[in-house]
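> give me a model of this one.
(one chain, ligands or ions: 3)
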Amino acid sequence: MKFGGTSVADLDRIRHVATLVKREVDRGSQVAVTVSAMAGETNKLVGWVRELSPMYDAREYDVVVAAGEQVSSGLLAIALQNIGINARSWLGWQIPVRTSSMHASARIEAIDNAQLDERLARGEVAVVAGFQGIAPDNRVTTIGRGGGDTSAVAVAAALKADRCDIYTDVDGVYTTDPRIVPKARRLERIAYEEMLEMASLGAKVLQTRSVEIAMLHRVPVRVLSTFDPDKGGTLLCDEEDIVEKKPVSGIAYSRDEAKITLHRIDDQPGVAAKIFGPLADAGVNVDMIVQNVSPDGKKTDLTFTVGRSELQRALDAIEKARDTIAYREVTSTADVAKVSIIGIGMRQHPGVAQTMFRTLADKGINVQVISTSEIKVSVLIAEEYVELAVRALHSAYELDAA
Ligand code: ADP
Ligand code: ASP
Ligand code: MG
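Ligands and ions are numbered 1, 2, ... in the order given. This is a model prediction of the structure:
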């Protein structure tokens, strides 16, 4: 069982979570619980670090931000003990959850299940602090924002759990973010592949890495509401287990985007390598790319997108490589957002992208960059139109709730 930040936001909610855990224990299950920090705590801790030093040491950042989960795991263990459940908290290093040394966005590499298995067999509930682990050099690490989901699925995989129930503030995965589209519909099931695209394209209901691990280890994951646990729910499953394959199952959006254009670069072999090499060296992830046709066959423009928080780093890398790339001018903006349609049914249905372009055109929304894969189409648009675009597409693909 995993409980996110809003589910453990205060003591009353932690008491409520304890009753949900007890219910599961009373059903005869062996239970490991992962918790996130109380709502708002991680942001507060991140804020302190940044305020103290914009150029902070990532190892110390991890020590500070991992603290939120230490508090919530201890509190939940106490709440469980109060209602007669034998429970014990576990920090990342105590299990241990071994991760890479990439501080602030470490990858879980191995979870030692020996102690947990033994305690669970004795009827003890393990309350695991999510989001944290330990690097090869024994320093505390964290695994990226929203990482509580990944901790939960990784623990479930390590314990070979029958199920991983992710309890959150919505009662499942919806066709799109219910906060911006009230007509969004809950999906009974979603294929791992679709959920992976949804998550990586911005739906923050599950962290992308958690879906990768679930897919790899075939962990049956359910998304449920902490506040209405017996209602709804969404099951992540194999594609074959989905009967009705609509062309589009969901819509995701991301505001974490920025666009860079290099003007008048040479239109000849090797130029793209000269541009993206320095960006890769600077650790910048490039997402969408489009190169314009050159009217004279000599010079062209190249546009690409990067995460908004990486914009400055990307611009610096390009400036440094100015002599090798030989561009005339570089322009950039952070006022962009990415909207994506996702569906395994897209493979069978032609004309899916066309509906997207028609719908956006009818609303007067200009498409700046397009990228596609087998089961998604993404467009880059002006940020101010995100909600309008998502709602219009939601209706156009007949996803609106009745
Ligand atoms: P937690 O703190 O439990 O981890 P999050 O805030 O990380 O919860 O994730 C849940 C939120 O994800 C929901 O409140 C919802 O606004 C948002 N969300 C975005 N896209 C979707 C979607 N397609 N389905 C459900 N929720 C979504
Ligand atoms: N507390 C962490 C965060 O806010 C992890 C999580 O909530 O999943 O990012
Ligand atoms: Mg989350």
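
> can you map out the helices along the stretch 151-300 of the chain?
Along the stretch 151-300 of the chain, counting by DSSP state H, counting those that start in this stretch, helices occupy 192-200, 208-217, 271-281.

> so the residue nearest to Ser200 when sequence neighbours are not counted versus Leu311, what's the distance?
Nearest non-adjacent residue to Ser200, counting by Cβ to Cβ, 6 or more residues apart in numbering: Thr208, 4.4 Å away. (Each C-beta comes from the backbone N, C-alpha and C, glycine too.) Distance, Thr208 to Leu311, using Cβ to Cβ, to the nearest Å: 21 Å.

> likewise for Pro136?
32 Å.

> and for Ala18?
44 Å.

> looking at those two, which one has more neighbours?
Neighbour count, other Cβ atoms under 10 Å: between Ala18 and Leu311, Ala18 has more, with 24 against 19.

> so what's the backbone phi/psi at that one?
phi -60, psi -40 (degrees, to the nearest 10).

> tell me the contacts of it?
By Cβ atoms under 8 Å, 6 or more residues apart in numbering, the contact list for Ala18 reads Leu76, Ala79, Leu80, Asn82, Ile83, Ile85.

> again, only this time at 6 Å
In this structure, Ala18 makes contact with Ala79, Leu80, Ile83, judged by Cβ atoms under 6 Å, 6 or more residues apart in numbering.

> could you do Glu124 as well?
Neighbours of Glu124 in contact, by Cβ under 6 Å, 6+ apart: Asn86, Arg88.

> could you rerun that using 10 Å?
Each residue near Glu124 by Cβ atoms under 10 Å, 6 or more residues apart in numbering is listed here: Gln30, Val31, Ala32, Leu80, Ile85, Asn86, Ala87, Arg88, Leu116, Glu118.

> of those, keep whichever come out buried.
In these, burial by neighbour count holds for Gln30, Val31, Ala32, Leu80, Ile85, Ala87, Arg88, Leu116, counting by 16 or more other Cβ atoms under 10 Å.

> residues near the closest residue to Met195 other than its chain neighbours, how many?
With sequence-adjacent residues excluded and distances taken as Cβ to Cβ, 6+ apart, Met195 is closest to Val211, at 4.9 Å. The number of residues packed near Val211 is 26, by other Cβ under 10 Å.

> now do Ser225
Counted by other Cβ under 10 Å, the residues lying close to Ser225 total 18.

> for it, what are its contacts?
By Cβ under 10 Å, 6+ apart, Ser225 lies in contact with Ser7, Tyr167, Thr168, Asp169, Val170, Asp171, Gly172, Arg186, Lys231, Gly232, Gly233.

> from ligand 1, how far off is it?
Separation of Ser225 from ligand 1 (Cβ to the nearest ligand atom, to the nearest Å): 10 Å.

> cool, Gly146 as well?
Taking Cβ to the nearest ligand atom, one finds Gly146 at 5 Å from ligand 1.

> quick check, pLDDT for that residue.
With respect to pLDDT, Gly146 scores 97.

> looking at this, it is in a strand?
No - assigned with DSSP: H, G, I helix; E, B strand; the rest coil, Gly146 falls outside any strand and is coil.

> how many neighbouring residues does the nearest residue to it once chain neighbours are set aside have?
Nearest residue to Gly146, sequence neighbours excluded (Cβ to Cβ, 6+ apart): Gln207, at 4.1 Å. Neighbourhood size, Gln207 [other Cβ under 10 Å]: 23.
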